[in-house]
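Visitor: quick one: sequence and predicted model below, then my questions.
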Amino acid sequence: MAQCSQCGNILTGSPKFCPSCGTPVNADSGGARTATTEQSKAHTRRVGTILFPIVIAAGLGLFFIYVNPSEHSVIGDQPKVEEAIVYDTVDIQMVDIVVRDEGDELVFPLAELKRSRLVRFEYKTKTTTRPVLAYVAPNGKLVTAISVSEHCGSSRFKLNGTQILCAQCPSRWDMLTMEAYACCAKYYPDPIPSRVVGDDVHVAKLVIEQWAGRL
């Protein structure tokens, strides 16, 4: 239905002038408006066609990240020392070990770690004593970490299934992502880098000394 381009009055029939304001009526104005409307609809459809797959892909990406969170940044760079391991639901307890002091590094046998699965040692810095743990993750990666949860003060942990558990409180975290499943969410054993040289695991003293905590 045609409208006056000046006042918007609805035009009936085929008047040459708007009966309301006297503005000359362009016979093609209704058609022009119709064409413009169709062009707008077509543009909207094109934009929708482009955006729909982008929105779907973004949604799937966020879902994948939620279901399969990435490894902790430090653990992601750690070496793989075994094939995939399936841990059962029986708690694997920490085993205290003695490490060798080799200049700037602390060294212990990889075979000892593979045998015990979860080991712990202490390093005395100039000002304090720092506990350090090491375990083999379910995907076979070597993980070394400061063996402390500052929130509850625990320095001892255990393994069960795909998780590392605090021995003092209900806190537990995924062994690869450090995603929390209970309290002390951000106070997991803090991963630190290490390396494998021959048959030994090497941890730099400086990394342990410079660890400042998270509280």
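Guide: Yep, it's here. As the structure is a prediction and not an experimental result, all values here were calculated from the model.
Visitor: mean confidence for stretch 201-211?
Guide: Stretch 201-211 comes out with an average pLDDT of 97.
Visitor: low-confidence regions, the protein specifically.
Guide: By pLDDT under 70, the weakly predicted segments of the chain are 1, 27-44, 47-48, 51-69.
Visitor: residue contacts, the closest residue to Ser116 other than its chain neighbours?
Guide: Nearest residue to Ser116, sequence neighbours excluded (C-beta to C-beta, 6 or more residues apart in numbering): Val95, at 4.1 Å. For glycine as for every other residue, the C-beta is placed from the backbone atoms N, C-alpha and C. By C-beta atoms under 8 Å, 6 or more residues apart in numbering, Val95 lies in contact with Ser116, Leu118, Val119, Arg120.
Visitor: list phi and psi for Val95.
Guide: The phi/psi pair for Val95 (degrees, to the nearest 10) reads phi -120, psi 120.
Visitor: start at 775 instead
Guide: Shifting the count to begin at 775 puts that one at Val869.
Visitor: would you map the helices across this structure?
Guide: For the chain, the helices defined by DSSP state H cover 803-841, 847-850, 884-890, 979-984.
Visitor: give me the domain ranges for the protein.
Guide: 775-842, 847-984 (automatic domain parsing).
Visitor: so which of those is the most packed in?
Guide: Stretch with highest mean neighbour count among the domains of the chain: domain 847-984 (a mean of 17; mean count of other C-beta atoms under 10 Å).
Visitor: so how far is the first residue of that domain from its last?
Guide: Distance across domain 847-984, first residue to last, is 18 Å (C-alpha to C-alpha, to the nearest Å).
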